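Enquirer: Okay, sequence plus prediction incoming.
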Amino acid sequence: MADKLGEYRSKRRRDRTSEPWPDGTPEPGGNDLFVIQEHHASRLHWDFRLERDGVLVSWAVPKGLPLSPGVNRLAVHTEDHPMEYLDFQGEIPAGEYGGGRMTVWDTGRYETLHWNDHKVEVVFHGARARGKYVFLNRHSAEDGRDWMLRRVDPAEPGHEDAPEFLEPMAAIPGELPESDDWAFEFAWGGARTMLLVSGGRVTAHDDAGGEVTASYPELRGLGEQLGSTEVLLDGEIVAMKDGRPSAEALRERVHADVHGAKWLIKRYPVFYFAYDLLHSGGRSTLSLPYVERRELLDELGLAGSNWQVPAYFPGDGEAVAGAAHEHGLAGILAKRTGSPYVPGDGSGDWLLVT
């Protein structure tokens, strides 16, 4: 009988990894247990492992579990894993196969509806993975490991995938408001940029809807930080020169192709200031008041070497304007605290005060 875990063992060094290392022959069980692990290896992905005849049949899914039907996700069939991997999590040493941090994203039981070399259809009964899914073998001539993962059931009630882009809400020039129902932010003078973070990947669009992801490779880590959390962010890209925001540096970064962007990373690094949250956790937030959207944005805990959520200041716009002038910024944004986010709107709920 072939050793079902032979490939698993051949790819690992027992003395270098904390991963399970079973010595005996796999014992068949109920064929109804699964685990999904979030794996921060060279590229973030999710490992789906389904119990089958004493081992865990495994697929690596780069963008994780699709939550709506009609969304196809690449699923790379990998080697079978031992049953002990059901609750494994930890740090696989750098330089070893699969090196990186691994955590359990979800675990539970599943039902088998169909299982052969061409199609695996199951129903997940987990805390996060629920419903009917199908793994389909693509029978690719280039790579026989390529499968596809698709949700079969309708999305959970109320769930809506985030859009890639919405026309940004506009700030019109105005005077400093004096009433109490306004909050204030610094105007960074950057390039208005919308970020979709989905399946641990970042997609960037400029204010006209053009995709500019390749221009800002520094933002890839934002997707790693959010993991499976899907959001649509509104904000600005600022490029730095000699430690200060620079319009000249920004022009070079905005117009750089993928090769130029990589060369300019050290010379003119960019920072993303996220100041609004338009979609989160399968729900649109457009109808929520500005201050509630900002609270949800703060709760995401976004902080990195090339991105942050800048502070906003309810009331006392004169002090914020003074600080902006002191630091050489273009001005401040005044935003009505109870205003919803209306894509493309420039009715005056947002003001640019210079």
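Expert: The structure has been received and is ready for your questions.
Enquirer: For the rest of this, base every contact and every neighbour count on C-alpha atoms.
Expert: Noted.
Enquirer: Ala319: what secondary structure?
Expert: Here Ala319 is recorded as helix under DSSP: H, G, I helix; E, B strand; the rest coil.
Enquirer: going forward can the numbers begin at 17, since that is how I track them
Expert: Fine by me, first position is 17 from now on; the one you just mentioned is Ala335.
Enquirer: pLDDT value on it, please?
Expert: Note on Ala335: pLDDT of 94.
Enquirer: Give me the neighbour count for it.
Expert: 12 (other Cα atoms under 10 Å).
Enquirer: what about it, distance to Ala272?
Expert: 37 Å (Cα to Cα, to the nearest Å).
Enquirer: need the contact list for Pro98.
Expert: Contact partners of Pro98, counting by Cα atoms under 8 Å, 6 or more residues apart in numbering, are 21, 36-38, 42, 70-72.
Enquirer: and with 7 Å instead?
Expert: Contacts for Pro98 were tallied using Cα atoms under 7 Å, 6 or more residues apart in numbering; they are 21, 38, 71-72.
Enquirer: how about the closest residue to Met210 other than its chain neighbours, secondary structure?
Expert: Spatially, and ignoring its direct neighbours in sequence, Met210 is nearest to Asp250 (4.7 Å; Cα to Cα, 6 or more residues apart in numbering). Following three-state DSSP, Asp250 is assigned to strand.
Enquirer: residue contacts, the closest residue to Gly243 other than its chain neighbours?
Expert: Spatial nearest neighbour of Gly243, excluding adjacent residues (Cα to Cα, 6+ apart): Gly216 at 4.7 Å. By Cα under 7 Å, 6+ apart, Gly216 lies in contact with 60, 79, 239-240, 242-244.
Enquirer: tell me which of those residues is nearest to Arg117?
Expert: Proximity of those to Arg117 (Cα to Cα) peaks at Leu60, which lies at 9.6 Å.
Enquirer: Neighbours of that closest one, how many?
Expert: A total of 26 residues lie near Leu60 under the criterion other Cα under 10 Å.
Enquirer: what residues are up against it?
Expert: Contacts of Leu60 (Cα under 7 Å, 6+ apart): 78, 216, 240.
Enquirer: Could you rerun that using 10 Å?
Expert: 54, 76-80, 116-118, 215-217, 237, 239-241, 243-244 (Cα atoms under 10 Å, 6 or more residues apart in numbering).
Enquirer: Sitting in helices, which of the residues you listed do you find?
Expert: Cross-referencing the contacts of Leu60 against helices under DSSP state H gives 237, 239-241.
Enquirer: among these, who's most crowded?
Expert: Gly239 (22 neighbours).
Enquirer: if I look at the spatially closest residue to that one that is not a sequence neighbour, how far off is Val274?
Expert: Leaving aside its sequence neighbours, Gly239 sits nearest to Gly216 (Cα to Cα, 6+ apart; 4.2 Å). Gly216 sits at a distance of 20 Å from Val274 (criterion: Cα to Cα).
Enquirer: How about Leu293?
Expert: Look at Leu293 and Val274: by Cα to Cα, they are 27 Å apart.
Enquirer: More neighbours: which of those two?
Expert: The neighbour comparison of Leu293 against Val274 (other Cα under 10 Å) goes to Leu293, with 27 against 14.
Enquirer: List the single closest residue to the more buried one in space, sequence neighbours excluded.
Expert: Nearest to Leu293 is Leu249, by Cα to Cα, 6+ apart, at 4.9 Å.
Enquirer: I'd say that neighbour and Tyr291 touch.
Expert: Yes: using Cα atoms under 10 Å, Leu249 is in contact with Tyr291, at 7.6 Å.
Enquirer: any shared contact partners between those two?
Expert: Joint contacts of Leu249 and Tyr291 (Cα under 10 Å, 6+ apart) are Leu313.
Enquirer: More neighbours: which of the two?
Expert: Just comparing Leu249 and Tyr291: by other Cα under 10 Å the higher neighbour count belongs to Leu249, 23 against 19.
Enquirer: ok, which pair from the contacts of Gly216 is furthest apart?
Expert: Based on Cα to Cα, the longest span within these runs between Lys79 and Leu242 and measures 12.1 Å.
Enquirer: any shared contact partners between these two?
Expert: When Cα under 10 Å, 6+ apart defines a contact, the residues bordering Lys79 and Leu242 alike are 214-217.
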